[in-house]
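Visitor: Here is my input, please return the structure:
(6 chains, ligands or ions: 5)
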Amino acid sequence: MNWVWFYRLGSPLWFYQTTTRWLPWLSLLAFMLLATGLVWGLGFAPQDAKQGNSFRIIYMHVPASFLALVGYFLMAAAGAIGLIWKMKLSYMVMKAAAPIGAALTFLALFTGAVWGKPTWGSYWVWDARITSMLILLFLYFGVLALQYAFHNEEASNKASAVLALVGTVNIPIIYKSVDWWYTLHQPSTIKLTSAPSMHPDMFQPLLVMILGFYCFYVVALCLFTRVEILRRERKTTWVGDLIGSSNNAVEGEK
Amino acid sequence: MRKYTSDGFYAYLRRDLLQSHRRLGEAASPLIFFVMASTLVPLGITPDPASLAEIASGIIWVFALLATMLSVGGLFAGDYQDGSLEQLLISPQVLVMPVLGKVTAHWLITGLPLTLVSPLLGLMLFLPEAGYLPMTASLALGTACLSLLGAVGAALTVSLQKGGMLLALIVMPLYMPVIIFGAATVQYGIDGLAWTAPLAILGAMLAAAIALCPLAIASVLRLTSIN
Amino acid sequence: MRKYTSDGFYAYLRRDLLQSHRRLGEAASPLIFFVMASTLVPLGITPDPASLAEIASGIIWVFALLATMLSVGGLFAGDYQDGSLEQLLISPQVLVMPVLGKVTAHWLITGLPLTLVSPLLGLMLFLPEAGYLPMTASLALGTACLSLLGAVGAALTVSLQKGGMLLALIVMPLYMPVIIFGAATVQYGIDGLAWTAPLAILGAMLAAAIALCPLAIASVLRLTSIN
Amino acid sequence: MKFQFQSIGHLLDMGGHGFYVWSAVIVTLIVIIGLIVRPLLQHRVVLNQIAQELAREKLRKKTTGEGN
Amino acid sequence: MGNPSLISIENLRFERDDTTVVSCDQLHVNVGEILQIEGPNGSGKTTLLRLLTTAIQPQEGTILYCGKSIAECRFEYLSDILFIGHQSAVKLTLTAEENLAWMAESELSSAASLRALESLGLAGYSDIPCYKLSAGQQRRVALARLLLSDARLWYLDEPFTAIDRDGVKLLERCMEDHVSSGGAVVVSTHQDLDVQDVRHYSVLGESLLRAYS
Amino acid sequence: MGNPSLISIENLRFERDDTTVVSCDQLHVNVGEILQIEGPNGSGKTTLLRLLTTAIQPQEGTILYCGKSIAECRFEYLSDILFIGHQSAVKLTLTAEENLAWMAESELSSAASLRALESLGLAGYSDIPCYKLSAGQQRRVALARLLLSDARLWYLDEPFTAIDRDGVKLLERCMEDHVSSGGAVVVSTHQDLDVQDVRHYSVLGESLLRAYS
Ligand code: HEM
Ligand SMILES: Nc1ncnc2c1ncn2[C@@H]1O[C@H](COP(=O)(O)OP(=O)(O)OP(=O)(O)O)[C@@H](O)[C@H]1O
Ligand SMILES: Nc1ncnc2c1ncn2[C@@H]1O[C@H](COP(=O)(O)OP(=O)(O)OP(=O)(O)O)[C@@H](O)[C@H]1O
Ligand SMILES: [Mg+2]
Ligand SMILES: [Mg+2]
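Guide: Ligands and ions are numbered 1, 2, ... in the order given. Take a look at the predicted model:
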């Protein structure tokens, strides 16, 4: 069996160098996709028959919600890999994923709230999906808080990995139970239309935005991970060399 | 040496019960909180019997949950501070049984009294009659769930310098399904629906929690003790 | 030597703030409790905006009170355990000023954040618009009252072996008037009545509490330290 | 595909929903830019810290070396 | 005598649960003197020291400070004493320097507290939160108060707990300096003190008799 | 050599915050031996003991018990050790007897625990809640475990804290008895041990250099 790739993947040095090469291109791609999607969605996509222009919030709302959720599973997977294979890099990825996920969850809730006002006449409703998302935000906050609360790096890694994993077991349970709860209570004032089959002219920019958010997510994750790598590998020779070379570069400029 | 795994269970159960017996003031605090908080409701919200009747089941469940959460934070704190937790971690026995013993003691001190006293609160908050049985049944199962889940959070935060209440952030999401089905059981009972259905789900959750939580707690205690 | 009485005030204020800054997780816990407990309400009681709007003000006040009560229990506990309280008691300075400093720090860490975050909870619980201003105003004054009254209870229970929650029994009766006028202020605001009247009473209570509570706390600390 | 608005004014107004749409856009941009800029700044800060540490260590080695 | 006595105790008695824990007919502490309180575990040393600091009140007897009852000259007396007990009043979340700044009675220059920490061997540790320090290092932080205080009377309850040999020597020098400059020290410890001119006082509480009966 | 080594440490290294706190190239503990770990405050004695008890895991190196890595024979090893640290694991609300019944590893007859308490001078105190005991008496309750345990290896971290002179002697006799009956003791203390045949091992963690630099 050829496991070389696996170990290489686990090497912070390899990750750092590879991302140094790829990140500029990926960032460019993310930027292009996001810019195209936004302009298309905000200016060119046709107006929604019922909601008017407020529906354009969908181009931020849906990608953010989507990645917030995906990000949680990614974080938990990284934590699990760290616990099982004791791979340092994967803890770093986990640590990086938490603030990004929390920010995106907040974004989903915020854009949802400002969408809710014109649509439902209220910034907030206790809808099943929204409630679950709020709980997801709490789960993210929990992981973040645990990471900062521990003074010991190792304990912090392990504790937040376990919490992330416990959270993944819980997310489906939470979604199911909240959904069930909502059908029990179904308030009369609000009716959630089931997703209407969207017109392709509206859907295409959404697709572009989702792709753009994906790329952006990867870029942000890499950037956060790189900082973490530097912080934790500060004593290694390669970081020393890195500093040395950058210092030389600065001196060379002078 | 404790060669038999069940020994750890009884030893810790007995010790924790004895300790709470010695300081009843502390042990009774979840109960006091539960009763006191519920008496605030008519003062703060509304004294109107009809309105109270509507929210009674929810209020009781919310306060039962909060009372459990607040007390579970200290589950391992005392043992951590005086060094007994370290002794437990370096003892040859399997960690799961002592942990289960401690959680059981916690439920006996917290969840059980809450369950027993809840009809009284139901009376004070004008809970409709059909709600009493589902309420006590759901509280009995639900608080056990809450103790187990809360203990996971307590284990995660035990080695933090008094990080006790970070706990709320960690366990509250885990508690959400429990309160949903707990409150629903009572609501079903009041509405004359088949309240055994949500109760059964609570039971299933409890079974899963009994199987999984002690394992999780044991490994978390081992993992985070490095500091 | 600390010759000037105000020195003790600032010294203790600064130290307690610094300590909570060092463990933000712990310091933020009343706030976390407040927010988390409030999100439980729709799950446990009802998600219906109209019903929530009716109970919103009361719910927010009840949870603000509970959050304050739970955190005030630890006000002197740390100092008692590590011996600083004994050092304070045998220091030549007047006890009132350090005590007032500690209570002020507690309000800044607990009551103020609760007040600031309450509008968000108002939004989530569909508090009618006319309620926001009275709510923040009454919470600002009311939580200060609660901190002061709670500190008396904390001083009474500090020397008990972890008697932390006996506290609830002691302070809850003291808290009743505060929550009555606090919740009334918001209700008056929503109903379009002159909500400044109950607010003024809250203010008067606060003034009395500032004048009397530190004295009471100081003498209670001296009396109960013999053990 | 055509541009849906007659003028910039209409684009900003969004048929009365301008406040909602544009606040969503602005907050989205803030979050995106924040998530990119923050690690970049941190990266610089950490590099500087490490460089300082290395310099201090070098200095210490030099002084102890001379001492011997 | 030439030396006036700083503290005199007369017929002091302290009871707990109907057992006499401390009973002390006559005890003087003079200026320039180190008084070592001795006695087996549970004989009442800590209780005696706490009585002297007014942390607890005796059921009977009086304590005189410079001839006046300490109840009368409370402020002067309390301004003149320094007590370090079993619990060291060190806040674990604060750094050593912050702890000192806090514990010292007077406004403190940062330089002074750094110097005190340095002479107790904590030079590199002043900005580290105290929970990261070892048992002895935490104790040293508490003891650094000795170097910063201007109190005349030191009450030290087992100050050498967790302190290494060099540290014990250092503290002994400290005490000698203090008494030679007109102070007095009352110290309870089970170890032999290696200082000139130490007077011993043995306590044996009635409560201990229970153990041997 | 005749005596097989019970514990051997090889190239053990433990880091905290990128500072090596313990580094121990080679250390053996033999049957019938009292090993005293020495070093100034903060040199890593407690950390070394906690490494030996598996309370914390080293970043590098192995600890062998009777020739096997302690990870392999975890159960046997942990059944054979007894650790008493800075924190004594005494529950203050329980009585001395209850504490012992609880802490002892085996089912304990009440008579046995009373005997143990008695030989530690706590005869009259077995039914008093521990918060009413003096510092040294509380410590004695914890140390009574030594008399009740059948562990071969004792790890004692500053066992003499707050203990009076008679108590120290008693403990020293205890240790001697234990090693002469085939056990071994690893003890960290700043005092001189008055026992026959004690071997010394000095630790000096890298972390201490910080203080002197
Ligand atoms: C404050 C919270 C939120 C509010 C007020 C809100 C509001 C809305 C509104 C008004 C729509 C349009 C529905 C329609 O077409 O009638 C919508 C769509 C959508 N929301 Fe949210 N939302 C919120 C949070 C979330 C969250 C947290 C998620 C993610 C789980 C989410 C996922 C979606 C998705 C996927 C759609 C598009 C598909 C559909 O129309 O069903 N929303 N939201
Ligand atoms: N929890 C911790 N976090 C970070 N550093 C620590 C922690 N505990 C101890 N240290 C550091 O590790 C070093 C060794 O500590 P340790 O407690 O092993 O010393 P020790 O030899 O037992 O000292 P003492 O004689 O004072 O008990 C010390 O320099 C201390 O500052
Ligand atoms: N809080 C308390 N309540 C009741 N009795 C107490 C309390 N504290 C101490 N005692 C009893 O008072 C007696 C004296 O205790 P004290 O702490 O003064 O002893 P000590 O001489 O300091 O002993 P050590 O050398 O162990 O520190 C002991 O017999 C103890 O049992
Ligand atoms: Mg003592
Ligand atoms: Mg030590």
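
Visitor: CA only for contacts and neighbour counts going forward, please
Guide: Fine.

Visitor: For chain C, see how far away E:Asp150 is.
Guide: Using Cα to the nearest Cα, to the nearest Å, E:Asp150 is found at 9 Å from chain C.

Visitor: Give me the pLDDT for A:Tyr59.
Guide: Note for A:Tyr59: predicted pLDDT of 92.

Visitor: so who does it touch?
Guide: The contact partners of A:Tyr59, by Cα atoms under 8 Å, 6 or more residues apart in numbering or on different chains, come to A:37-38, A:41, A:205-206, A:209.

Visitor: Isn't E:Phe160 up against E:Lys169?
Guide: No - contact criterion Cα atoms under 8 Å: E:Phe160 and E:Lys169 do not qualify, at 9.9 Å.

Visitor: tell me the helices in the chain, going along the chain?
Guide: Reading this off chain A. Applying DSSP state H to chain A gives helices spanning A:4-9, A:12-39, A:58-85, A:88-120, A:128-149, A:153-185, A:200-232, A:237-253.

Visitor: Sorry, I should have been clearer: chain E.
Guide: Ranges of helices within chain E are E:45-52, E:74-80, E:96-103, E:110-119, E:135-143, E:145-148, E:165-180, E:206-212, based on DSSP H.

Visitor: for chain D, which helix is longest?
Guide: The residue-count maximum for a helix in chain D (DSSP H) belongs to helix D:18-67.

Visitor: Who are the packing partners of that helix?
Guide: Applying 3 or more Cα pairs under 8 Å, 6 or more residues apart in numbering or on different chains; DSSP states H and E, we find helix D:18-67 packed against helix A:58-85, helix A:88-120, helix A:200-232, helix A:237-253, helix D:8-13.

Visitor: Can you pull out the low-pLDDT segments for chain E?
Guide: Along chain E, the model assigns pLDDT under 70 to residues E:1-4, E:105-108, E:205-213.

Visitor: Tell me which residue of it lies closest to chain A.
Guide: Relative to chain A, the nearest point of chain E is E:Lys132 (9.6 Å; Cα to the nearest Cα).

Visitor: Around that residue, count how many other residues there are.
Guide: The number of residues packed near E:Lys132 is 16, by other Cα atoms under 10 Å in any protein chain shown.

Visitor: if I look at it, how far off is chain D?
Guide: Distance of E:Lys132 to chain D, computed by Cα to the nearest Cα: 21 Å.

Visitor: And chain A, is the top helix by length along chain B touching that?
Guide: Looking across chain B with DSSP H, the single longest helix is helix B:196-224. Yes - Helix B:196-224 lies within reach of chain A by Cα under 8 Å from any Cα of the partner chain, at B:220, B:223-224.

Visitor: Apart from its chain neighbours, what residue comes closest to the residue in chain E that ligand 1 sits nearest to?
Guide: Per Cα to the nearest ligand atom, E:Thr93 is where chain E lies closest to ligand 1, at 37.9 Å. Nearest non-adjacent residue to E:Thr93, counting by Cα to Cα, 6 or more residues apart in numbering or on different chains: E:Pro129, 5.4 Å away.

Visitor: and if you look at D:Leu35?
Guide: Leaving aside its sequence neighbours, D:Leu35 sits nearest to A:Ala220 (Cα to Cα, 6+ apart; 6.2 Å).

Visitor: Number of residues surrounding that neighbour?
Guide: Per other Cα under 10 Å, the neighbour tally for A:Ala220 reads 26.

Visitor: wait, isn't B:Leu40 in contact with C:Val62?
Guide: Yes - here B:Leu40 reaches C:Val62: they are 6.8 Å apart, a contact under Cα under 8 Å.

Visitor: these two touch, right, B:Ala11 and B:Pro98?
Guide: Yes - between B:Ala11 and B:Pro98 there is a contact at 7.5 Å, judged by Cα under 8 Å.

Visitor: Between these two, which has more neighbouring residues?
Guide: Per other Cα under 10 Å, whichever of B:Ala11 and B:Pro98 has more neighbours is B:Pro98, with 23 against 18.

Visitor: give me every residue that touches the residue nearest to D:Leu35.
Guide: Per Cα under 8 Å, 6+ apart, neighbours of A:Ala220: A:100, D:35-36, D:39.

Visitor: May I ask which of these has the most neighbours?
Guide: Most neighbours among the contacts of A:Ala220, by other Cα under 10 Å: A:Ile100, with 25 neighbours.

Visitor: Quickly note the distance from the nearest residue to that one once chain neighbours are set aside to B:Leu206.
Guide: Closest residue in space to A:Ile100, ignoring its immediate chain neighbours: D:Leu35 at 6.8 Å, by Cα to Cα, 6+ apart. Note on D:Leu35: its distance to B:Leu206, by Cα to Cα, to the nearest Å, is 40 Å.

Visitor: do the same with B:Leu223
Guide: Relative to B:Leu206, B:Leu223 is positioned 25 Å away (Cα to Cα).

Visitor: picking that back up, do you know which of the helices of chain E lies nearest ligand 2?
Guide: Evaluated over the helices of chain E, closeness to ligand 2 peaks at helix E:135-143, with 3.1 Å, by Cα to the nearest ligand atom.

Visitor: Is the closest one positioned near chain C?
Guide: No - Helix E:135-143 lies out of reach of chain C by Cα under 8 Å from any Cα, never closer than 11.0 Å.

Visitor: contact partners of that helix?
Guide: Residues contacting helix E:135-143 (Cα under 8 Å, 6+ apart): E:84, E:88-90, E:96, E:99-100, E:117, E:120, E:122, E:130, E:159, E:161-164, F:41-42, F:86.

Visitor: I am finished for the moment; much appreciated.
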